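S.K.: Structure, please.
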Amino acid sequence: MSYEEEVFDAELVDDDHLPAITSGDAEAMPARPLVDRHTILRPNAPIPTTADLPTYTEADFRISEATAELLDEAPPENTSRTYNSARRQFKAWCRQNGRVHLPCTTATFVEYVGHLIRQDKSPSTIQVAMSAIRSGHADGQQPGTKEAGEAVRKHARGWAQRRTAKKATGIRTDMLAAMVATCTSETDADYPKATRDAALLTLGWGMLSRRSELAHLLIEQLTVGPTGIHVLIAFSKTDQAAKGATTFVPANPDDPATCPVVRVRAWLEELRRQGVTEGPLFRHINRGGTIRHRAQGPHGDFLTPDAIGAIVKARAKLADLPDPSKVTAHGLRRGPAQEIAEAGEDPTGQGRWKPGSITVRKHYVEPAQGEANNTISAMRRKRAEQKAKQAEKE
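M.R.: Now for the predicted structure:
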């Protein structure tokens, strides 16, 4: 790079300390100072110059084939699908408005965020779109977020007043029992699917599981004992680094029908009967009742999170639950969390939320405490007790 091509944020020049700039060949010129408005020099420390810069070679920029494969691995399915959809919408909007989508300017980015706000999209939807667009840019080419972020914050305040968040119906104990009761096999061909679904429902409920966690479970990650099941969850939404976490799902001896130990053991026995002793725990089943092997494709033998959701919806419909269309796989997580909070306990650990989770406090603990400690309810209970005592005296 020639001397004229170098660009610095700022340059400090002091005739007593820094070399003067002279005309002539760039290579003959003295080293330039490398300082800007953020530079802090300790006492007696030399001023950094271009002479201190390292000399890079091609080796400093190459990565190995193995590392390239790691970088090319697909992100979690749901995230990838959501981000790709957001980027396609942004690209289409840019094309319609005569703007460059990649790399886009900050003005284009802000205008698109304004477009989403005018469509009254939810703040979370807009924030996902912003993240998707920025992550699609190369480092150093991302648009600025200050103005767009402030616009979204203002929008969020008004949006929250106009909308009520839609929450998945929590699958309570009685609802779980009704859904599991549909898992009865009238024929040999029905047995494998019914056995799988009963295990999926009871284990998922006891784990307070996300559907993605159920979808990626391996047989080897389960240790089944008389008192419960130890489940190793290799990675999850809050554990993208795949450090892993173990959850204990207790048995339910009072109700064998919804006992996860009973149901999971039955499913593992069916898998062994069909020659499956390792790999994905929950799998596709053919109409004839045999395990469907799909080694090819992005998911192989695993059920997808969408398939997990479809199973839960189907069982809710068969159980004739009230408004079954609102029952989703998230209900296996929300329902037991509600019951744990109502019992005065914290569902954070069992559900693998982050310690001190605002979600748990806001959606489970505080509502349960508010209902249990409600002053009007307490007043009515006190009055009822007083009336009862008065009646006894009379």
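S.K.: per-residue pLDDT, residue 220?
M.R.: Residue 220 carries a pLDDT value of 96.
S.K.: Ok, the one 3 residues further on next?
M.R.: The predicted structure scores residue 223 at 96 on the pLDDT scale.
S.K.: Report the beta-bridge partners for it.
M.R.: Beta bridges link residue 223 to residue 230, judged by DSSP bridges.
S.K.: so what secondary structure elements neighbour the helix or strand bottoming out on mean pLDDT in the chain?
M.R.: The weakest-scoring helix or strand in the chain, judged by mean pLDDT, DSSP states H and E, is helix 366-372 (a mean of 73). Secondary-structure packing of helix 366-372 (3 or more CB pairs under 8 Å, 6 or more residues apart in numbering; DSSP states H and E): helix 331-342. To be clear about C-beta, it is placed using only N, CA and C from the backbone, and glycine gets the same treatment.
S.K.: Centre of the chain to the helix it packs on, how far?
M.R.: 19 Å (CA atoms, centre = their mean, to the nearest Å).
S.K.: Just the C-alpha atoms of it, please, in CSV.
M.R.: Taking C-alpha atoms only, helix 331-342 is exported to CSV below (Å, rounded to 0.1, in the frame of the first residue of the first chain):
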residue,chain,number,x,y,z
GLY,A,331,-47.9,-26.5,26.3
LEU,A,332,-45.8,-29.4,27.5
ARG,A,333,-43.5,-26.8,28.9
ARG,A,334,-45.9,-24.1,30.0
GLY,A,335,-48.4,-26.4,31.8
PRO,A,336,-46.1,-28.0,34.3
ALA,A,337,-44.3,-24.7,34.8
GLN,A,338,-47.6,-23.1,35.9
GLU,A,339,-48.3,-26.0,38.3
ILE,A,340,-44.8,-25.8,39.8
ALA,A,341,-45.2,-22.1,40.4
GLU,A,342,-48.6,-22.5,41.8
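S.K.: neighbouring contacts of it?
M.R.: Contact with helix 331-342 is made by 167-173, 175-176, 201, 204-206, 208-211, 312, 346-347, 350-351, 360, 363-365, 367-369, 371-372, as judged by CB atoms under 8 Å, 6 or more residues apart in numbering.
S.K.: Pull out the buried positions in that helix.
M.R.: Judged by neighbour count (16 or more other CB atoms under 10 Å), helix 331-342 contains these buried residues: 331-341.
S.K.: I'd like the next helix or strand past it.
M.R.: With elements assigned by DSSP states H and E, the helix or strand that comes after helix 331-342 is helix 348-351.
S.K.: Dump stretch 277-292 to PDB, keeping only the CA atoms.
M.R.: Output of stretch 277-292 as PDB, limited to C-alpha atoms (Å, rounded to 0.1, in the frame of the first residue of the first chain):
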ATOM      1  CA  THR A 277     -30.800 -49.700  20.300                       C
ATOM      2  CA  GLU A 278     -29.100 -46.400  19.700                       C
ATOM      3  CA  GLY A 279     -29.500 -43.100  17.900                       C
ATOM      4  CA  PRO A 280     -32.600 -40.900  17.700                       C
ATOM      5  CA  LEU A 281     -35.200 -41.600  20.500                       C
ATOM      6  CA  PHE A 282     -38.300 -40.400  18.700                       C
ATOM      7  CA  ARG A 283     -38.700 -41.600  15.100                       C
ATOM      8  CA  HIS A 284     -41.100 -41.800  12.200                       C
ATOM      9  CA  ILE A 285     -43.300 -44.900  12.000                       C
ATOM     10  CA  ASN A 286     -44.800 -46.400   8.900                       C
ATOM     11  CA  ARG A 287     -48.500 -47.200   8.600                       C
ATOM     12  CA  GLY A 288     -47.700 -50.900   9.200                       C
ATOM     13  CA  GLY A 289     -46.100 -50.000  12.500                       C
ATOM     14  CA  THR A 290     -42.500 -50.300  11.500                       C
ATOM     15  CA  ILE A 291     -39.800 -47.800  12.200                       C
ATOM     16  CA  ARG A 292     -39.100 -45.700   9.100                       C
END
